[in-house]
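[1] Turn this into a model:
(one chain, ligands or ions: 1)
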Amino acid sequence: MREPILLTPGPLTTSLATKTAMLSDWGSWDGAFNALTADVCRQLVEIAGASDTHVCVPLQGSGTFAVEAAIGNLVPRDGKLLVLVNGAYGKRMARLTEVIGRQVSVYETRDDTPPSPVEVAARLAADPGITHVGVIQCETSTGILNPVAEIADVVATAGRRLIIDAMSAFGALPLDAREVQYDALIASSNKCLEGVPGMGFVIVRHDALQAAEGNSHSLALDLVDQYRYMQKSGQWRFTPPTHVVAAFAAALDQYQAEGGQPARLARYLANYATLCEGLEQLGLRRFLPAELQAPIIVTWHAPAHSGYDFKRFYEAVRARGFVLYPGKLTEVETFRVGCIGAIDHAEIRQAVAAVGEVLAEFGWDV
Ligand SMILES: *Cc1c(COP(=O)(O)O)cnc(C)c1O
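    Predicted structure coming up:
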């Protein structure tokens, strides 16, 4: 029996080569391990199109640790962050900003509505206290794509600084630092770059990082210190996630061999098209209009049948080898299906067939 295919936005299905890379133990002082870390960071900055302007600071932990670190380091203690919220990850960014004691202002739109760049400009004009803006590139709670480039223009024009949570899009959706101005972009090992979970990273403008000295609210999340220590010694401050870094290096090799960002996006677009065509043929309906939907994770209305229950649906599809993701909306019953991971349209087609069988078995006409 094949392991279940994870149709979730990370952890996700990784390749055999990526898993195999975890079969060695590495010492944290080891020169070969330090070279691996340096090479991973170099590639991440290059993927961002930021080699001339930004550096990569890796951080132990899940993606949220890196978001909290970026905000706690870059937003000064007397600064203020305007967070653009249209889902759970935007809410989380606002909440963690509040928890670490920075001033926060929220511009919230509905789950199916991207923030308006005109409204962002108006809020920046109305509140000179706002120093930074935080935006989620692909809001994973629905899969909506936010207009990051337009927002970056508005923020730059207003003389403020931008922090992008690109967690679920980095490496697949284009976002080039030579075209889109930002101080920091945050992502992690276990999303579109198809590594295993355990490290986040911040692509941060070098001068902004230099200016951030003394801002950090936390010792463990101090990016300036992590960066300086790594520059000096080649090592991570505190125990590195060695196996995660080794797997990430292998995943990046495969990313480059596949053809980098355009090829990754093309595969995900094929997964997305196969998924939408298949589930729509079964009668299921998408939550978002196609023009707002990123090819990363798709939110579906649950079958309208009165007997529908996500847990039963999940278990029955899981028994056929595919792991679905629950919905994250409060007002409508939905479920989500990821398009990312080391899978292609063949696995997606099998997943669609499994969903069709389960709907028929339960008599959940849609
Ligand atoms: C996955 C994700 C995160 C980080 O979540 P963790 O569970 O901490 O890894 C943050 N923002 C977005 C948009 C994400 O998709």
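[2] quick one, what contacts Ile340?
    Pro9, Gly10, Leu12, Ser168, Ala172, Lys191, Cys192, Glu194, Tyr268, Asn271, Ile296, Ile297 (C-beta atoms under 8 Å, 6 or more residues apart in numbering). C-beta: built from backbone N, CA, C; applies to glycine.
[3] so what's the residue of the stretch 1-150 of the chain found nearest the ligand up against?
    The minimum distance from the stretch 1-150 of the chain to the ligand, using C-beta to the nearest ligand atom, falls at Gly63 (2.8 Å). By C-beta under 8 Å, 6+ apart, the contact list for Gly63 reads Met167, Ile186, Ala187, Ser188, Asn190, Lys191, Gly200.
[4] low-confidence ranges in the protein?
    Low-confidence segments of the chain, defined by pLDDT under 70: 1.
[5] Which residues of it lie near the ligand?
    Contact residues (C-beta under 6 Å from any ligand atom) of the chain with the ligand: 9-10, 62-64, 67, 89, 136, 140, 165, 167-168, 188.
[6] Can you list the neighbours in contact with stretch 359-366?
    Here stretch 359-366 makes contact (C-beta under 8 Å, 6+ apart) with 282-285, 303-305, 307-308, 312-313, 316, 358.
[7] ok now it, how far from the chain's centre?
    Put simply, stretch 359-366 sits 33 Å off its chain's centre (C-alpha atoms, centre = their mean, to the nearest Å).
[8] Between the two ends of it, how far is it?
    By C-alpha to C-alpha, to the nearest Å, the extent of stretch 359-366 from end to end equals 8 Å.
[9] for stretch 300-308, same thing?
    Start-to-end, stretch 300-308 (C-alpha to C-alpha) is 13 Å.
[10] all strands of the stretch 51-200 of the chain, in order?
    Assigned strands in the stretch 51-200 of the chain, in chain order: 54-60, 80-85, 103-108, 132-136, 138-139, 144-145, 161-165, 184-188, 199-205 (criterion: DSSP state E, counting those that start in this stretch).
[11] Rebuild those strands as CSV, extending it with mean neighbour count.
    CSV is the format used below for the strands of the stretch 51-200 of the chain (neighbours: other C-beta atoms under 10 Å):
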stretch, mean neighbour count
strand 54-60, 24
strand 80-85, 24
strand 103-108, 18
strand 132-136, 28
strand 138-139, 28
strand 144-145, 23
strand 161-165, 25
strand 184-188, 29
strand 199-205, 26
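[12] Serialize those to a markdown table and add fields for distance to Arg178.
    Output for the strands of the stretch 51-200 of the chain, formatted as a markdown table (distance: least, C-beta to C-beta, whole Å):
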| stretch | distance to Arg178 |
| --- | --- |
| strand 54-60 | 11 |
| strand 80-85 | 23 |
| strand 103-108 | 27 |
| strand 132-136 | 19 |
| strand 138-139 | 21 |
| strand 144-145 | 20 |
| strand 161-165 | 15 |
| strand 184-188 | 13 |
| strand 199-205 | 12 |
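[13] For Asn34, find the nearest of those.
    Each of these has some distance to Asn34 by C-beta to C-beta; the shortest is strand 54-60, at 12.0 Å.
[14] Give the other helices and strands that that closest one contacts.
    helix 31-47, helix 63-74, strand 199-205, helix 206-210, helix 223-233 (3 or more C-beta pairs under 8 Å, 6 or more residues apart in numbering; DSSP states H and E).
[15] Tell me which strands it pairs with, and in which orientation.
    strand 199-205 (antiparallel) (DSSP bridges).
[16] quick one on the thing from earlier: would a markdown table of the helices and strands packed on strand 54-60 with distance to Ile130 be doable?
    Below are these laid out as a markdown table (distance: least, C-beta to C-beta, whole Å):
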| stretch | distance to Ile130 |
| --- | --- |
| helix 31-47 | 28 |
| helix 63-74 | 13 |
| strand 199-205 | 18 |
| helix 206-210 | 16 |
| helix 223-233 | 22 |
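[17] Now do stretch 210-227: everything it contacts.
    55, 57-59, 65, 68-70, 72-77, 100-102, 202, 204, 209, 236-238.
[18] Now name the helix or strand holding Phe238.
    Assigned by DSSP states H and E, Phe238 belongs to no helix or strand.
[19] Give me the buried subset of the contacts of stretch 359-366.
    Buried by 16 or more other C-beta atoms under 10 Å: Leu284, Pro303, Tyr308, Phe313, Ala316, Val358, out of the contacts of stretch 359-366.
[20] Okay, helices next: where are they in the stretch 151-300 of the chain?
    206-210, 223-233, 242-258, 260-281 (DSSP state H, counting those that start in this stretch).
[21] from the ones you listed, which stretch is densest packed?
    helix 242-258 (a mean of 20; mean count of other C-beta atoms under 10 Å).
[22] For the closest residue in space to Arg110 that isn't next to it in sequence, grab phi and psi.
    Using C-beta to C-beta, 6 or more residues apart in numbering and skipping the chain neighbours, the partner closest in space to Arg110 is Asn86 (6.7 Å). Note on Asn86: its backbone torsions stand at phi -140, psi 40 [degrees, to the nearest 10].
[23] How many neighbouring residues does Phe122 have?
    For residue 122 the amino acid is Ala, not Phe. 13 (other C-beta atoms under 10 Å).
[24] From Pro115, how far out is it?
    Applying C-beta to C-beta, to the nearest Å, the value for Ala122 to Pro115 is 12 Å.
[25] Also Val202?
    Val202 is 22 Å from Pro115, by C-beta to C-beta.
[26] for Phe248, same thing?
    31 Å.
[27] same check, this time on Thr14
    In terms of C-beta to C-beta, Thr14 sits 33 Å off from Pro115.
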